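# From the sequence below, what's the structure:
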Amino acid sequence: MNNKPMTLSETMQAIRHCAIQMDELYGQPVFDEWVVVSLLEPQSRVLGYVGPRHEVFAKNFTRDLGGLRASLLNGQHSAGDFEFARHAAGTNFEAFLALGDGLYLICNNTQSSMAEIAKNPRWLSAQVPFADLSDRVAAGSPACAS
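Residues are numbered from 1 along each chain as shown. Here you go, the predicted model:
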């Protein structure tokens with residue numbers, strides 16, 4: 001097994017692959033926003049973004065944390081840990097995946113809530129690529145080395 005951390009470019013490629021697989025299994029986009037953020041001091045920043053709100057994402061980040069705020073900001077996550085916000089709606093984030101120390105993947109559907117997404121029976125199979133990405137992260141692959 002290769003324990004060398006993936007570069008940001010490689011991590012974004014793995015995320016795009018996950019998104020494509022999820023969308024194919026679900027029959028439409030599950031998340032239209034996939035963002036890698038660093039919450040490390042002294043300044044949080046967006047490292048990679050795919051989605052419709054590139055210009056306003058960072059500006060609205062704190063507000064859009066919504067139900068994930070407490071869990072995400074407690075910072076006590078191991079690589080591969082994830083959480084879903086079942087009732088997030090609009091631009092409030094639906095999920096995050098810990099990529100490493102202070103590094104997170106934020107997943108969002110700017111049009112639907114997680115509860116609406118989960119009503120579709122295809123949601124169960126669409127979770128498999130996300131779980132695979134989580135397992136890959138937990139095994140030490142994506143860590144966003146510069």
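
# Please count neighbours and contacts with C-alpha atoms only from this point.
Noted.

# Burial check on residue 124, number of neighbours?
The tally of other residues near residue 124 (other C-alpha atoms under 10 Å) stands at 12.

# what kind of secondary structure is it in?
Assigned by DSSP: H, G, I helix; E, B strand; the rest coil, the conformation of residue 124 is helix.

# Distance of it relative to residue 31?
Counting by C-alpha to C-alpha, to the nearest Å, the gap from residue 124 to residue 31 is 15 Å.

# For the chain, give me the ranges with low pLDDT.
1-5, 141-146 (pLDDT under 70).

# just the helices in the chain please.
Counting by DSSP state H, the chain has helices at residues 8-26, 57-64, 69-73, 114-119, 123-138.

# Could you dump those into TSV with distance to residue 39 added?
Formatted as TSV, the helices of the chain follow (distance: least, C-alpha to C-alpha, whole Å):
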stretch	distance to residue 39
helix 8-26	15
helix 57-64	11
helix 69-73	8
helix 114-119	24
helix 123-138	17
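
# so which of those helices comes closest to residue 104?
Minimum separation from residue 104 across those (C-alpha to C-alpha) falls at helix 69-73, 8.6 Å.

# buried stuff in that closest one?
Residues residue 72 are the ones in helix 69-73 that count as buried (16 or more other C-alpha atoms under 10 Å).

# Name the residues that touch it?
For helix 69-73, the external contacting residues (C-alpha atoms under 8 Å, 6 or more residues apart in numbering) are residue 96.

# Alright, that wraps it up for me.
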